[in-house]
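> Build me a structure from this.
(chains A and B)
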Protein chains: 2
Amino acid sequence: MSRPARSSRRRKSDDKKPIEFLQPLLNNVPFVELLNEDGVEKIHRASMRLLADFGVLIIDYPEALEVFRKNGATIVDGNKVRIDEDTLMHFVNKAPSQWTQLARNPAKDLPLGGRHTVYAPVYGPPFVADLDRGRRASTFADFQELTKLAYMAPEMHIGGGVLVEPNDLNLQTRHLDMLHCLSTQSDKSFMGSVVFPDNARDTVDIARIVVGEERMRDNPAVSSTVNASSPMRWDDRMLSAITVYAETKQAVMFTPFIIAGAMSPSTMAATIAQLNAETLFGICYAQMVNAGAPCLYGSFLANIDMKSGAPCFGTPENNMAMFAGGQMARKYQLPYRSGGNFTASRIPDAQAGYESASTMWATVQAGANFILHSAGWLEGGLIAGYEKFILDLEICAMIARYSKGIGLTDDDFAWDAYEEVPTGDHFLGSAHTMRHYTTAFHQHQVFSMDNYELWETKGSPTSYEMANKRWKQMLKDYEQPKMDPATREELDAFVAVRKEEILAGKPRTAWKR
Amino acid sequence: MSRPARSSRRRKSDDKKPIEFLQPLLNNVPFVELLNEDGVEKIHRASMRLLADFGVLIIDYPEALEVFRKNGATIVDGNKVRIDEDTLMHFVNKAPSQWTQLARNPAKDLPLGGRHTVYAPVYGPPFVADLDRGRRASTFADFQELTKLAYMAPEMHIGGGVLVEPNDLNLQTRHLDMLHCLSTQSDKSFMGSVVFPDNARDTVDIARIVVGEERMRDNPAVSSTVNASSPMRWDDRMLSAITVYAETKQAVMFTPFIIAGAMSPSTMAATIAQLNAETLFGICYAQMVNAGAPCLYGSFLANIDMKSGAPCFGTPENNMAMFAGGQMARKYQLPYRSGGNFTASRIPDAQAGYESASTMWATVQAGANFILHSAGWLEGGLIAGYEKFILDLEICAMIARYSKGIGLTDDDFAWDAYEEVPTGDHFLGSAHTMRHYTTAFHQHQVFSMDNYELWETKGSPTSYEMANKRWKQMLKDYEQPKMDPATREELDAFVAVRKEEILAGKPRTAWKR
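The predicted structure follows:
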């Protein structure tokens, strides 16, 4: 069967391609409720006991101890915070359940919370890999290419954060280079810098320049991810960034980083309770700093390989934690951040496919609102893979299709097709099929449905090789999105000033809360 | 972290390895209810309308027309059966909801129905492929090797049926060679031959010899898969086999073979309603032949690639149909057969991994009781892949683990670990971890958790290559299960007589209903 080309993504490369944008998923399918009500309550109570009886260590950030003390928590042993359920939940309940995450291009603003789901690319790898160049320490050139790919990919709702670590840039100022790149090479909502409070301030100021202070009055433009130093610890690098983002009401996702069996006990109930305790503790802190600051309930779990000590991804335990995390987030009426296309594999081989699809389906079925690491993740997050990025987009698109559910209108039941087609005949040429063929079924972008013989005539390419072609074509097709020249000038000037201040060791100027 | 070897599957090859057997899954996790109650009812009503107003063609099997006519259906246009809801459901309701599927080795008998799930290997490919020998037309030597692999694999509850087509054997007698192989090289429950009624009779007689007539009085020993010739047709090859199996109360799974957009309309609601109609029609026939015959509600759906006409696997549409199929099967209180580790890919590359994991998780979440094609499927079922077989076992084991759900006992909450370990410290050495480390987390068999450097020292193997090593080792470790010599003699004699009869064109002797 031959059809005219339909998708603009498939047009000849000499055509002008509009940059497509997949609308955020509106998840119409049921969430997987792995725990029953009693189970959710048991996890909650265990978390409350962990926080009240065992406590959380605050590392090198006395400001946070003071905030907790002032708001009714108990400080023991110098830097351990114990907090009771009433105090904790009083603050957690101040966090909003939904908001709009702003992008430079308002057409790419994103609903965050409820039944909406957005995809964000891989975050944080120190290495990058592709089929031609192998694995290597990542550079700013890689960062720029991945920024372009995330911009070109319709499935990526978020433009990126630390897409890869630009190891060739000055550590003190590289956040400015990354933010400049994300806000000029892409027009999608971007993620903020953490680690130092001034990095967070720079992020917010850059958002104010490119998104606009006026628009940011009611909604955040930046989403940033912070990790507990599990088990049961939050450190100065994260708490100081949280402080800045909470003060400016920018979105923060609070995510423990647990490798179960090491940073938590080796049983799932304890691990999930600990994840829950660490997350709520972070959110509580943000609300103490500024009530109403947008917070995402984050869940990230790997588990240790009990034979080798290596972290495992894409496991049944990962999925259990993801489902349970979604249930806890819904209990607290908080948007849920989880991820992603996880794998322990080092290349996009079959293992990577099995593991990634296993976690990615579970993430959406868990009701995640913000899916970090949706594209590009390899080797437990140590590598950003170009081909993996492309392959992951396929599963993102498939799941987006699934999230629409099954239509049950009279037309969906196709009675006219059964009237038209004699019993036992095929439906290819029926009027009903002709009416639906452009939207019927997921349309593959890189996965190949070719039979063996046809595939052989094409050189028997693996999906790894097919993805390699595709990212090169995407980079070839890339065109920078337009930016108002005055905005660009202001942005460039800001970055120049800040770099100068940082390199000269001068204090930061012109910070508006 | 280094631990003593625990799994007997990991022992040195000079040790005697017991053949492990994974107990059938007891699915403790919630099923995905994609349709609401109203949706289930709408699908049911649409199916009833298809059967009452449009009907099903009976191809070249007047015996079935007579059975339907006698039991209250209407025959129109010579060979079209129209049947109303009351008549259809009167018979469908006679089918049992649960039974025990017998194996030659009673320790490998299987519960079929309820919340139990069993895995069965790939069925029916005319080609076979492995990394060393490439793709080729399959032979009986391949069939024997795959029989041994399915016997060795703890995850395969069913020993197999047509694991691959033995193209080098006489078409008329190859079913006898396959059944002889399945019942001597393995001791697991096997699947029966369809296509000709005498093939089905041979299957049942061989089961009587190796499993025992006494044990088969109350439960079936054979499970066989039959397909509608969709759309809305059942043919003589299948109906004649159904007749024999129904008469002898052997289990039959009734599965339409629909590639949506061609053999059904291109909308999901119509496709699911048609699947449902075709399945129920087949089950109704079996019950008319012999009330109480064990029947599985089968669902198999691919969809057409609207650009190329190629069938697609592992798609969101596949999953939707799988979830909905499970809901319909539960409505009718019938065990549910679905599958499997589906992919359109021709080799176990990343695409194969993504697609297979996507369908396999969905199958279990859909509540499938019998998962056909759980291991080895490539290229839309045209190829049985040795390495794919091995890789699929990993995801089968992972899902088995998931199906146990999250334990919520006091010990699962690990309070003694939190008491023992100072806040902020890791849990690796805690008494709780030591108590749980042998059972904590899924233990990978072929997927590698090695970091990049370690993996490089091993030669940077892909999971395809790692799986290659594993099936060779499994074949090396294979030992034939014991069989009583008298049984073996009877079996050999039976096969010899039947071959002689068939090749001489003589009628079949000694058939007991």
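> Do a quick rundown of the helices in the stretch 151-300 of chain A.
Here the stretch 151-300 of chain A has its helices, by DSSP state H, counting those that start in this stretch, at A:174-184, A:197-210, A:236-247, A:268-289.
> Check the secondary structure at the residue of chain A found nearest chain B for me.
Across chain A, no residue is closer to chain B than A:Gly353, which sits at 2.2 Å (Cβ to the nearest Cβ). Heads up, the C-betas are built off the backbone N, CA and C, glycines and all. What DSSP: H, G, I helix; E, B strand; the rest coil gives for A:Gly353 is helix.
> gap between it and A:Met320?
If you measure A:Gly353 against A:Met320 using Cβ to Cβ, to the nearest Å, the figure is 21 Å.
> Compare the two (neighbour count), which wins?
More crowded of A:Gly353 and A:Met320, by other Cβ atoms under 10 Å in any protein chain shown: A:Gly353, with 36 against 26.
> give me every residue that touches the more buried one.
A:Gly353 makes contacts with A:Leu391, A:Ser463, B:Asp349, B:Ala350, B:Gln351, B:Ala352, B:Gly353, B:Tyr354, B:Glu355, B:Ser356, B:Ala357, as judged by Cβ atoms under 8 Å, 6 or more residues apart in numbering or on different chains.
> In space, what's closest to it - neighbours in sequence excluded?
In space, A:Gly353 comes closest to B:Gly353 once its chain neighbours are excluded; the distance is 2.2 Å by Cβ to Cβ, 6 or more residues apart in numbering or on different chains.
> where exactly do the strands run in the stretch 351-500 of chain A?
Assigned strands in the stretch 351-500 of chain A, in chain order: A:370-372, A:377-378, A:383-385 (criterion: DSSP state E, counting those that start in this stretch).
> for the stretch 51-200 of chain A, same thing?
When secondary structure is read from DSSP E, counting those that start in this stretch, the stretch 51-200 of chain A shows strands at A:56-59, A:74-76, A:80-82, A:98-101, A:110-113, A:116-119, A:127-130, A:134-137, A:158-160, A:189-191.
> now swap in the stretch 201-350 of chain A and tell me
With DSSP E, counting those that start in this stretch applied, the stretch 201-350 of chain A shows strands at A:222-228, A:233-235, A:251-256, A:258-260, A:295-298, A:301-304, A:311-312, A:336-339, listed in chain order.
> and these as TSV, adding mean pLDDT and mean neighbour count?
Converted to TSV, these look like this (pLDDT from 0 to 100; neighbours: other Cβ atoms under 10 Å in any protein chain shown):
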stretch	mean pLDDT	mean neighbour count
strand A:222-228	97	26
strand A:233-235	97	21
strand A:251-256	96	28
strand A:258-260	93	25
strand A:295-298	98	30
strand A:301-304	91	27
strand A:311-312	94	24
strand A:336-339	96	29
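> Any idea which of the ones you listed gets closest to B:Val211?
Checking the strands of the stretch 201-350 of chain A against B:Val211 by Cβ to Cβ gives strand A:311-312 as the closest, at 40.1 Å.
> Any residue of the closest one touching chain B?
Yes. For strand A:311-312, a contact with chain B is found by Cβ under 8 Å from any Cβ of the partner chain, at A:Pro311, A:Cys312.
> Report the outermost residue of chain A with respect to its centre.
Within chain A, the residue lying farthest from the chain centre (Cα atoms, centre = their mean) is A:Pro422, at 49.4 Å.
> Going by neighbour count, which of the contacts of A:Gly353 comes out on top?
Comparing these by number of neighbours (other Cβ under 10 Å), B:Gly353 comes first, having 37 neighbours.
> In contact with the nearest residue to A:Cys396 once chain neighbours are set aside: list those residues for me.
Counting by Cβ to Cβ, 6+ apart, A:Glu155 is the residue found nearest to A:Cys396 once chain neighbours are left out, at 4.0 Å. Taking Cβ under 8 Å, 6+ apart as the definition of contact, the neighbours of A:Glu155 are A:Leu22, A:Tyr119, A:Ser374, A:Ala375, A:Leu393, A:Cys396, A:Ala397, A:Ala400.
> Can you add pLDDT and give the residues you listed back as TSV?
Below are the contacts of A:Glu155 laid out as TSV (pLDDT from 0 to 100):
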residue	pLDDT
A:Leu22	95
A:Tyr119	98
A:Ser374	98
A:Ala375	98
A:Leu393	98
A:Cys396	98
A:Ala397	97
A:Ala400	97
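> Among those, which ones are in helices?
Helix and strand membership here follows DSSP state H; of the contacts of A:Glu155, those in helices are A:Leu393, A:Cys396, A:Ala397, A:Ala400.
> Could you list the contact residues of the stretch 201-350 of chain A toward chain B?
Counting by Cβ under 8 Å from any Cβ, the residues of the stretch 201-350 of chain A that sit close to chain B are A:231-233, A:260-270, A:272-273, A:303-312, A:315-317, A:319-320, A:324, A:344-350.
> so what's the residue of chain A closest to chain B scoring on pLDDT?
Turning to A:Gly353, the model gives it a pLDDT of 98.
> ditto for A:Glu214
95.
> residues near it, how many?
Residues lying near A:Glu214 (other Cβ under 10 Å) number 8.
> cool, A:Pro62 as well?
Neighbour number of A:Pro62 under other Cβ under 10 Å is 12.
> Can I get stretch A:500-513 as PDB, trimmed to CA atoms?
What follows is stretch A:500-513 as a C-alpha-only set of coordinates in PDB (Å, rounded to 0.1, in the frame of the first residue of the first chain):
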ATOM      1  CA  GLU A 500      33.700  39.300  34.600                       C
ATOM      2  CA  GLU A 501      32.400  39.500  38.200                       C
ATOM      3  CA  ILE A 502      33.000  35.800  38.800                       C
ATOM      4  CA  LEU A 503      36.400  35.700  37.200                       C
ATOM      5  CA  ALA A 504      37.500  38.800  39.100                       C
ATOM      6  CA  GLY A 505      36.100  37.400  42.400                       C
ATOM      7  CA  LYS A 506      33.800  40.400  42.700                       C
ATOM      8  CA  PRO A 507      30.400  40.200  44.500                       C
ATOM      9  CA  ARG A 508      27.300  39.700  42.400                       C
ATOM     10  CA  THR A 509      25.500  43.000  41.400                       C
ATOM     11  CA  ALA A 510      21.900  43.800  40.600                       C
ATOM     12  CA  TRP A 511      20.000  40.900  42.100                       C
ATOM     13  CA  LYS A 512      16.300  41.400  42.500                       C
ATOM     14  CA  ARG A 513      14.300  39.100  44.800                       C
END
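> Now do that stretch, average pLDDT.
85.
> and what of stretch A:70-77?
Across stretch A:70-77, the average pLDDT comes to 97.
> Identify the residues contacting the closest residue to A:Leu50 other than its chain neighbours.
Counting by Cβ to Cβ, 6+ apart, A:Leu50 lies nearest to A:Ala277, which is 4.3 Å off, once chain neighbours are set aside. The contact partners of A:Ala277, by Cβ under 8 Å, 6+ apart, come to A:Ser47, A:Met48, A:Leu50, A:Leu51, A:Val56, A:Met232.
> from what I can see A:Thr255 touches A:Phe300, true?
Yes. Taking Cβ atoms under 8 Å as the definition, A:Thr255 is a contact partner of A:Phe300 at 4.9 Å.
> Now for the two: what residues contact both?
A:Asn227.
> Excluding chain neighbours, what is closest to A:Gln274?
Nearest-residue entry for A:Gln274: A:Ser264, 4.8 Å, with adjacent residues in sequence omitted and distances by Cβ to Cβ, 6+ apart.
> re the thing from before, distance of the residue nearest to A:Leu50 from B:Phe196?
A:Ala277 sits 64 Å away from B:Phe196, going by Cβ to Cβ.
> for A:Ser430, same thing?
A:Ser430 sits 35 Å away from B:Phe196 when distances are taken as Cβ to Cβ.
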